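> can't give you the sequence, but here's the structure:
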């Protein structure tokens, strides 16, 4: 099986090491897209590796998963740059509103996370296992 990859954050170490030393030489990997917040860098790295697709928004690159050959064999995103999580969250939320997408994280996820944290506090306080 070959995994299709989209590298989120293709500057720096991704371009110097991860892509050329890890993804490209592997017979089990196929680089299909790159993303970087710097449009010129994204385009340059995409051209360097065969003119693959390039993006400037994380959410768009993640959509390669459905554009590739189906969910199970679609893109396996690998993040190799430090991303400002607040910026990424705001950009993703704006994209969801603009394009009518379902957010990756929604209220159900947040509620589950809250239940886990409260259970951890309860377990620490009582010394017992708390089911969630």
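That came through, no problem. Model, not experiment: these values are computed from the prediction.

> hey, let's count contacts and neighbours off CA atoms from now on
Will do.

> For this structure, give me the ranges with low pLDDT.
Low-confidence segments of the chain (pLDDT under 70): 62-83.

> Let me see the ranges of the helices in it.
13, 39-48, 58-62, 64-67, 85-99, 107-126 (DSSP state H).

> For the ones you listed, give me TSV that also has distance to residue 28 and mean neighbour count.
Output for the helices of the chain, formatted as TSV (distance: least, Cα to Cα, whole Å; neighbours: other Cα atoms under 10 Å):
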stretch	distance to residue 28	mean neighbour count
helix 13	21	12
helix 39-48	20	17
helix 58-62	20	21
helix 64-67	17	17
helix 85-99	29	13
helix 107-126	33	12
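
> With distance to residue 19 as extra columns, can I get those helices in TSV?
Output for the helices of the chain, formatted as TSV (distance: least, Cα to Cα, whole Å):
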stretch	distance to residue 19
helix 13	9
helix 39-48	10
helix 58-62	16
helix 64-67	17
helix 85-99	23
helix 107-126	32
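
> out of those helices, nearest to residue 7?
Of all those, helix 58-62 sits nearest to residue 7, with 8.2 Å by Cα to Cα.

> So what touches that closest one?
Contacts to helix 58-62, defined as Cα atoms under 8 Å, 6 or more residues apart in numbering, come from residues 6, 8, 33-36, 54-55, 75, 77, 88, 92, 95.

> quick one: that helix to chain centroid distance?
Distance, stretch centre to chain centre, for helix 58-62: 7 Å (Cα atoms, centre = their mean, to the nearest Å).

> Same question for stretch 102-109.
15 Å.

> Ok, stretch 16-28 next?
For stretch 16-28, the distance to the chain centre is 18 Å (Cα atoms, centre = their mean).

> how long is it end to end?
Terminal residues of stretch 16-28 are spaced 20 Å apart (Cα to Cα, to the nearest Å).
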